[in-house]
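>>> Prediction below, plus the sequence it came from.
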Amino acid sequence: MRQKLIIANWKMNLDAAAAQDFAARLRAARSGVAAVELAVCPAFPYLAQLSAALRDADVAVGAQDVFPEPAGAFTGEVSVSMLRDVGCTLVLIGHSERRHTVAHEDDWLLNRKLRAALGGGLRAVLCIGETLAQRDAQQTLDVLTFQLSAGLSGLQHGGATSLIIAYEPVWAIGTGRNATAAQAQEAHRHIRAELRRLGHPAEQMRVLYGGSLKPDNAAELFAQPDVDGGLIGGASLQAASFLEIAHAAS
Ligand code: PGA
């Protein structure tokens, strides 16, 4: 039985005061969603603060990105060990905004990041998903196959709970247009089959859905047999809606 995992991706939102307020609300409500695993990914400057605010609250703190090298002349970058230093236990890799708009990261860089993160003891969430043009051209499943095989290449198998996949169709992120439950299930089932084919313990691994996930569509998406939780952007900026989504998963 895979425990549902709900991750807040705040992107470049929420300042120190807002993060503190969110953490307090989450602490207060945590016991009400005990059956669900929770994580919050703030911007880099607030990782240490959030780790302290959520200490012993059973909420993981994650980063939105990491650099694959351990140390050196990499201006502006942050290493795996630095993330661990500030209490971070999880990291997002290859979010669609990093692939397509912010940094144009390719699958080979993402593979290096993933290997560095897992090798350094972080849990890693590899984000994959097709663009609207790719979906319209019926390339969705091929795109997912490629992103998985490139992203996971050379990886040691067996990290069932430390490697997490997030299916995030690019056209659904921040648009208010979520994948239907059937579209999500089709993609998730395919992802799990590919994980199995690549030698990973697919039945134990979590595959999260992300893309305009909200309190009013969460229950239907989470009811799909291969949807193991969510990666939430816009609806994670308010503790109340994040918690509503967590309730839908519990
Ligand atoms: P959204 O973002 O929930 O605002 O669509 C999801 C994500 O980018 O992870």
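Here it is on my side, so go on.
>>> how close does residue 13 get to residue 179?
Counting by Cβ to Cβ, to the nearest Å, the gap from residue 13 to residue 179 is 23 Å. In short, each C-beta sits where N, CA and C put it, glycine included.
>>> How about residue 236?
18 Å.
>>> Residue 13 and residue 179: which has the busier surroundings?
More crowded of residue 13 and residue 179, by other Cβ atoms under 10 Å: residue 179, with 27 against 14.
>>> Isn't residue 140 up against residue 132?
No - the criterion here is Cβ atoms under 8 Å, and residue 140 misses it with residue 132 at 10.3 Å.
>>> more crowded one of these two?
Set residue 140 next to residue 132 and count neighbours by other Cβ under 10 Å: residue 140 wins out with 21 against 13.
>>> For that one, list the residues it contacts.
Listed by Cβ atoms under 8 Å, 6 or more residues apart in numbering, the contact partners of residue 140 are 130, 134, 169, 187.
>>> repeat that for 10 Å
Taking Cβ atoms under 10 Å, 6 or more residues apart in numbering, we find residue 140 in contact with 129, 130, 131, 134, 167, 169, 179, 183, 186, 187, 190.
>>> Wait, a strand at the last one?
No - counting by DSSP: H, G, I helix; E, B strand; the rest coil, residue 190 is not part of a strand but helix.
>>> which residue of the protein sits farthest from its center?
Most distant from the centre of the chain: residue 73, at 28.0 Å, with distances by Cα atoms, centre = their mean.
>>> Please determine how far the residue in the chain positioned nearest to the ligand is located from residue 41.
Nearest residue of the chain to the ligand, counting by Cβ to the nearest ligand atom: residue 233, 2.3 Å away. From residue 233 over to residue 41 the distance is 10 Å, taken as Cβ to Cβ.
>>> Quick check: neighbours shared by the two?
Residues touching both residue 233 and residue 41 (Cβ under 10 Å, 6+ apart) are 8, 9, 10, 11, 95.
>>> Among the residues you listed, which are located in helices?
If you go by DSSP state H, those have nothing in helices.
>>> Need the residues you listed in CSV (columns: pLDDT and distance to the ligand).
Listed next are the shared contacts of residue 233 and residue 41 as CSV, based on pLDDT from 0 to 100; distance: Cβ to the nearest ligand atom, whole Å:
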residue, pLDDT, distance to the ligand
8, 98, 9
9, 98, 4
10, 98, 10
11, 98, 7
95, 97, 6
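>>> what about stretch 205-222, near the ligand?
Yes - legend: contact between stretch 205-222 and the ligand by Cβ under 6 Å from any ligand atom is shown at 210, 211, 212, 213.
>>> buried residues in that stretch?
Applying a neighbour-count criterion of 16 or more other Cβ atoms under 10 Å, one finds 205-215, 217-218, 221-222 buried in stretch 205-222.
>>> Pull up the distance across that stretch, start to finish.
Distance between the two ends of stretch 205-222: 15 Å, counting by Cα to Cα, to the nearest Å.
>>> again, but for stretch 81-94
Terminal residues of stretch 81-94 lie 19 Å apart, using Cα to Cα.
>>> cool, and stretch 84-103?
Start and end residues of stretch 84-103 are separated by 23 Å (Cα to Cα).
>>> just to revisit the earlier point, which of residue 233 and residue 41 has more neighbours?
When residue 233 and residue 41 are compared for neighbours, residue 41 comes out ahead with 27 against 21, by other Cβ under 10 Å.
>>> The closest residue to the more buried one other than its chain neighbours: what's it in contact with?
Spatial nearest neighbour of residue 41, excluding adjacent residues (Cβ to Cβ, 6 or more residues apart in numbering): residue 62 at 4.2 Å. Going by Cβ under 10 Å, 6+ apart, residue 62 touches 7-9, 39-42, 47, 50, 83, 88-92, 122-125.
>>> change it to 7 Å
With contact set as Cβ atoms under 7 Å, 6 or more residues apart in numbering, residue 62 has these partners: 7, 39, 40, 41, 88, 90, 91, 92.
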